[in-house]
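Chemist: Sequence and predicted structure, then a few things I'm wondering about:
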Amino acid sequence: MGSLRFGRQDIYYGITGSVLPSSVHINASAPSVIHNPGAIKNSAYTISQVSMASHSRTPNLIWYTSPTIQGWSATAAFSTQPLAASGTNQTENDLSTTSATRKGSGTYFQVNGKVGPVDLAAATVNLKSDYFGGKCSLVGDVCVQEWTNQAQPNQKGNVVSAIYRSGPVALGAAYSVNKSSSNAEPSLTTERSAFNLSAAYTMGKHTLGIERQTASDLTVRNVKQGDTGMTGTTLAWDYAFSKRTNVGITYFTLENDTFSNTGPFYSGSNTFGGQFGAQPGEKYTLTSFVMPHTW
């Protein structure tokens, strides 16, 4: 009859179309680009980086996953406060119940299917915080928008992906459209589309992989902002010591256009001991060696 669960769960940003091996460093993963409405700093706007579904497990979630019938299954989820954020000490940093300005909620729907050697997935998400925030404040003639504590923006996203596997070959692709909007100022919205193309080839214990992530220019208040896109490129090598232990080398670059200032996935101070804050037009480069072991 399927399963009904409660608690925290990864949703949405896990659908990327990626076929890269598990030893790829987390900061090189596709959500950096394809699940990020983006950050911008130009002559008209300064808008902080937003991660779809917070790039973390969604709290206060109840979700049902159907049984798989002829290769197809579905998931439906609801959260009473999906954008609650944890501080660097991993404790809920609520603004207090007296500061809540509305009843937030979140919905999520996902469909998975298998057609021959192709795995298909599609998902849609709609998340709202209990707390208002992100109002546009003018600094000179520039609109500055900042998100703090639980005052996160509304988030809407849609994504589709397809992964093909046959023998040593694996190919993947995904397309997403992500949008964030201010709770306090509904007309202040950011939106972009993005692609991810991924490929891997396995030769015995060796796997080689490549991925190209591309995000379009941002649309702010329904106006396209030039030179605000970004691209990510990943090269990976993986060696399987055994069924449970791998080693891998990753080379990754995240290139911001002139007015884009988006950092890599999951690089907060509570993860690797340092916060990456990109400057407009900055290029981020990562080289890593990783050894995962599953128990």
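Modeler: Happy to help now that I have it. Just so you know, these numbers come straight off a predicted model, no measurement behind them.
Chemist: Output the lowest mean pLDDT helix or strand found in the protein.
Modeler: One helix or strand of the chain scores below all others by mean pLDDT, DSSP states H and E: helix 269-272, with a mean of 51.
Chemist: other SSEs contacting the next helix or strand after that helix?
Modeler: Downstream of helix 269-272, the first helix or strand assigned by DSSP states H and E is strand 283-290. Contact here means 3 or more Cβ pairs under 8 Å, 6 or more residues apart in numbering; DSSP states H and E; on that basis strand 283-290 packs against strand 246-256. From N, CA and C alone the C-beta is placed, and that goes for glycine too.
Chemist: for the strand it packs on, packing partners?
Modeler: For strand 246-256, the packing partners by 3+ Cβ pairs under 8 Å, 6+ apart are strand 230-240, strand 283-290.
Chemist: Tell me how many other residues surround the residue nearest to H206 when sequence neighbours are not counted.
Modeler: Counting by Cβ to Cβ, 6 or more residues apart in numbering, H206 lies nearest to Y239, which is 5.8 Å off, once chain neighbours are set aside. If you count neighbours by other Cβ atoms under 10 Å, Y239 ends up with 16.
Chemist: All the strands of the stretch 51-200 of the chain, in order from the start?
Modeler: Here the stretch 51-200 of the chain has its strands, by DSSP state E, counting those that start in this stretch, at 58-65, 73-79, 105-115, 118-128, 137-139, 142-145, 154-166, 169-181, 189-203.
Chemist: okay, those in CSV with mean neighbour count and mean pLDDT next?
Modeler: Listed next are those as CSV, based on neighbours: other Cβ atoms under 10 Å; pLDDT from 0 to 100:
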stretch, mean neighbour count, mean pLDDT
strand 58-65, 18, 93
strand 73-79, 18, 97
strand 105-115, 17, 96
strand 118-128, 19, 96
strand 137-139, 9, 89
strand 142-145, 18, 89
strand 154-166, 19, 96
strand 169-181, 21, 96
strand 189-203, 20, 96
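Chemist: what's the closest of those to N36?
Modeler: strand 169-181 (6.9 Å; Cβ to Cβ).
Chemist: Quick check: which helices or strands does the closest one pack against?
Modeler: strand 154-166, strand 189-203.
Chemist: which other residues reach that strand?
Modeler: 15-19, 30, 34-37, 50, 52, 153-165, 188-202 (Cβ atoms under 8 Å, 6 or more residues apart in numbering).
Chemist: quick check, distance from that strand to the centre of its chain.
Modeler: 10 Å (Cα atoms, centre = their mean, to the nearest Å).
Chemist: partners of it, with directions?
Modeler: Its sheet considered, strand 169-181 pairs with strand 154-166 (antiparallel), strand 189-203 (antiparallel) by DSSP bridges.
Chemist: Just want the angle from the last one to strand 230-240.
Modeler: Right, strand 189-203. Here the directions of strand 189-203 and strand 230-240 differ by 30 degrees (axes from the mean of the first three to the mean of the last three Cα atoms, to 10 degrees).
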